[in-house]
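Asker: after the sequence you'll find the predicted model.
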Amino acid sequence: MDQFAGQKSAASYLYPRIDPFDQRMLPVGDGHSVYVEQCGNPDGIPVVVFHGGPGGGCSPSMRRYFDPDLYRVVLFDQRGCGRSRPHASVRDNTTWHLVADIELIRRTLGIDSWVVFGGSWGATLALLYAEAHPDRVRHAILRGIFLMTRAELDWFYAGGAGRFWPDMWRGFVSLVPEEERDDLIAAYNRRLFSGDMMTETRFARAWAGWENTLASIDSEGPSGESPADYARAFARLENHYFTNRGFLDRDDQILHQIDRIADVPGTIVQGRYDMICPPVSADRLHRAWPASRMIVVPRAGHALSEPGISAALVRETDTLARRAR
């Protein structure tokens, strides 16, 4: 198992700002249009970036993990979030709709196969896409592994992580009546989809705040409320997917069908002190996936921007590009 101990500023590892050479709204059906952008080298190695959440949306900083001279970077906002429309909509919004959208993006852009890159929910989606279309994936670079299992959801929404952050946990739980606290995902679902915008926004900010506070190893507590539009899309979509257990057929689906990508090379980058997606899931994935390599970042949590995680990811994309030359 490889390790990386460097802890410089995260920005020092990233490539400078890369402006898109192509931006478009792509109709994907069911009344949805997704935002898609391309940046870097049009003739470079194609890589598709899966943002987290569900509901997080892509950002310009995600472009900076790739050498712009060597990569053709494709980013998109998944259904219902970011610049995709309709905003915060869960109608016809499931994992399998997203997998189909990814294939439509690939075909629309004329890409035969590509590298998949994602963390947290983005890693979940990358794995499910790869298992559905293994012939279209050259390599998978994944961070902060989340396998969409009941145990992982219980860790974060049934008190596991709350044992490390009891003050924040009390705030998250206290918004819900005591008689509903045995299932916080369901309790929040009722408020996030209440039809009352003020109620939805209040609970959306609480949902996003609980997760955002625990993302970084250096967090000392809440750093302010998320913008209302962002929080509402993030919380509604994430809760919708978690309520439906990711729309998977079984709890261990990703590992159950891991043989589909047995020959697809993968790199797993995992923060040792990830409070949102504990390392046990990354370890399970690595042990089940023969073609994977695991990098544990010793002093890091969950966030993509953590210095050690940024360094490991840039090092991996650089290495992959050199090998492809």
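Answerer: Done, it's in.
Asker: what's the closest non-adjacent residue to the residue positioned nearest the centre of the chain?
Answerer: Nearest to the geometric centre of the chain sits residue 52, at 2.3 Å (Cα atoms, centre = their mean). For residue 52, ignoring the flanking residues on the chain, the nearest one in space by Cβ to Cβ, 6 or more residues apart in numbering is residue 120 at 4.0 Å. Any C-beta I mention is one placed from the backbone N, CA and C, and that applies to glycine too.
Asker: residue contacts, that neighbour?
Answerer: 52, 53, 143, 144, 146, 276, 277, 302 (Cβ atoms under 8 Å, 6 or more residues apart in numbering).
Asker: what number of residues lie near residue 183?
Answerer: Per other Cβ atoms under 10 Å, the neighbour tally for residue 183 reads 13.
Asker: before we move on, what about residue 243?
Answerer: Residue 243: 17 neighbours (other Cβ under 10 Å).
Asker: for the residue nearest to it when sequence neighbours are not counted, give its distance to residue 224.
Answerer: Leaving aside its sequence neighbours, residue 243 sits nearest to residue 189 (Cβ to Cβ, 6+ apart; 5.3 Å). Separation of residue 189 from residue 224 (Cβ to Cβ, to the nearest Å): 25 Å.
Asker: neighbour-wise, which of these two wins?
Answerer: Comparing residue 189 with residue 224 by neighbour count (other Cβ under 10 Å), the higher total belongs to residue 189, at 18 against 7.
Asker: show the pLDDT at the more buried one.
Answerer: Per-residue pLDDT puts residue 189 at 98.
Asker: show the low-confidence segments of this protein, by residue range.
Answerer: Along the chain, the parts satisfying pLDDT under 70 run over 1-10.
Asker: helix, strand, or coil at the residue with the largest distance to the centre of it?
Answerer: Of all residues in the chain, residue 179 has its C-alpha farthest from the mean position, at 31.8 Å, by Cα atoms, centre = their mean. Following DSSP: H, G, I helix; E, B strand; the rest coil, residue 179 is assigned to helix.
Asker: also residue 159?
Answerer: Quick answer, by three-state DSSP: residue 159 is coil.
Asker: OK, contacts around the residue lying closest to it once chain neighbours are set aside?
Answerer: Nearest non-adjacent residue to residue 159, counting by Cβ to Cβ, 6+ apart: residue 169, 7.0 Å away. Neighbouring residues of residue 169 by Cβ under 8 Å, 6+ apart: 159, 161, 162, 163, 210.
Asker: now flag whichever of those residues is closest to residue 48.
Answerer: residue 210 (29.0 Å; Cβ to Cβ).
Asker: wait, doesn't the closest one sit right on residue 168?
Answerer: Yes. The pair residue 210 and residue 168 qualifies as a contact (Cβ atoms under 8 Å) at a distance of 6.4 Å.
Asker: helix or strand: which one has residue 280?
Answerer: Applying DSSP states H and E as the criterion places residue 280 in helix 279-288.
Asker: the helix or strand following that helix - contacts with which helices or strands?
Answerer: Downstream of helix 279-288, the first helix or strand assigned by DSSP H and E is strand 292-297. The contact analysis (3 or more Cβ pairs under 8 Å, 6 or more residues apart in numbering; DSSP states H and E) places strand 292-297 against strand 2-3, strand 266-271, helix 279-288, helix 307-324.
Asker: partner strands of strand 292-297, parallel or antiparallel?
Answerer: Its sheet considered, strand 292-297 pairs with strand 2-3 (parallel), strand 266-271 (parallel) by DSSP bridges.
Asker: distance from the chain centre to that strand, please.
Answerer: 17 Å (Cα atoms, centre = their mean, to the nearest Å).
Asker: now what about that strand, what contacts it?
Answerer: 1-4, 265-272, 279, 282-283, 285-286, 306, 308-309, 312, 316.
Asker: quick check: bridge partners of residue 270?
Answerer: On the basis of DSSP bridges, residue 270 is bridged to residue 296.
Asker: hang on, it packs against residue 276?
Answerer: No. If you go by Cβ under 8 Å, residue 270 and residue 276 don't touch, sitting 11.6 Å apart.
Asker: mutual contacts of these two, please.
Answerer: With Cβ under 8 Å, 6+ apart as the test, residue 270 and residue 276 both reach residue 144.
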